[in-house]
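Engineer: Here is the input, now give the coordinates:
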Amino acid sequence: MRIALVSLAAVAAVAAASPALANETRIEARTGVIWNGSDSEAVAGGAIGYDYDIGDKLFVGVEGSADKVLASDTRVSWGVGGRAGVKLTPATKLYAASTWQSKFTKYGNSAVGVGGGIQQDLGNKFYGKAEYKHLIVGDNTPDADVGLVGVGMKF
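Structural biologist: Next comes the predicted model:
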C-alpha cells in the first residue's frame with residue numbers, strides 16, 4: 001500500500017509541475033489472463049486515465065481501473081495508479097506503471113501491481129496497447145501476474 005501511495009504522490013507532483021502540451025484523456029476496454037504458480041483465468045475490464053506531457057518525449061499519467069476475473073466467486077477489483085514513460089515516436093508510448101488494486105475475491109488481499117506496457121496509436125483518436133503487471137499480494141498469499149491487451153479512445 002505504501003508503494004502505491006508513494007508512486008501516486010510522485011506522479012502527481014511531477015504532473016503538477018509540468019507545462020501542458022498535448023495532454024490527453026483516455027478510456028479503454030481490455031482483456032487478458034491472470035495467473036499464479038498453480039492456475040490461470042481470463043480477466044476483462046476497463047480503465048480511464050489522463051496523460052500529461054513533459055517536454056516532447058516524456059509523459060506521466062494517472063489511471064483508475066475496474067477488472068474482473070472471469071470465474072465464479074470473484075468480484076470487480078478497483079484500481080488506482082500511475083504511469084511514466086517515453087514517446088518512442090509521436091504515435092508510440094513505452095511506459096512503466098504502478099497500481100494499487102482491491103481484492104479480486106471476498107477472502108483475498110489487495111495488491112500492488114508493478115509493470116509496464118506499450119501503447120500504439122491507431123489513427124488520431126484510437127489506440128491499442130499491451131501491458132504486463134506483477135501483483136504483489138502479501139500476507140502469505142501467492143503473488144500473481146497479469147497480461148492485458150486493450151483498445152481505447154483518446155480525447
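
Engineer: after the lowest-mean-pLDDT helix or strand in the chain, next one along is what?
Structural biologist: Sorted by mean pLDDT, DSSP states H and E, the helices and strands of the chain end with helix 2-16, the least confident at a mean of 46. Sequence-wise, the next helix or strand downstream of helix 2-16 (DSSP states H and E) is strand 24-35.

Engineer: Give the pairing partners of the helix or strand that that following strand is followed by; include direction for each.
Structural biologist: Using DSSP H and E, the helix or strand that follows strand 24-35 in sequence is strand 40-54. Partners of strand 40-54 in the sheet, by DSSP bridges, are strand 24-35 (antiparallel), strand 58-69 (antiparallel).

Engineer: Please identify the most buried of the ones you listed.
Structural biologist: Highest mean neighbour count of the strands paired with strand 40-54: strand 58-69, a mean of 19 (counted as mean count of other C-beta atoms under 10 Å). In this view, the C-beta of every residue, glycine as well, is placed from N, C-alpha and C.

Engineer: could you give the mean pLDDT of that strand?
Structural biologist: The average pLDDT for strand 58-69 rounds to 98.

Engineer: Also stretch 86-104?
Structural biologist: Average pLDDT, stretch 86-104: 96.

Engineer: before we move on, what about stretch 118-138?
Structural biologist: 96.

Engineer: How far does that stretch sit from its chain's centre?
Structural biologist: 7 Å (C-alpha atoms, centre = their mean, to the nearest Å).

Engineer: Which of the residues in it are classified as buried?
Structural biologist: Across stretch 118-138, burial judged by 16 or more other C-beta atoms under 10 Å covers 119, 127, 129, 131-133, 135, 137.

Engineer: distance between the ends of that stretch?
Structural biologist: 27 Å (C-alpha to C-alpha, to the nearest Å).

Engineer: cool, stretch 63-75 as well?
Structural biologist: 20 Å.

Engineer: Next: stretch 100-107.
Structural biologist: OK, stretch 100-107 end separation, C-alpha to C-alpha: 17 Å.
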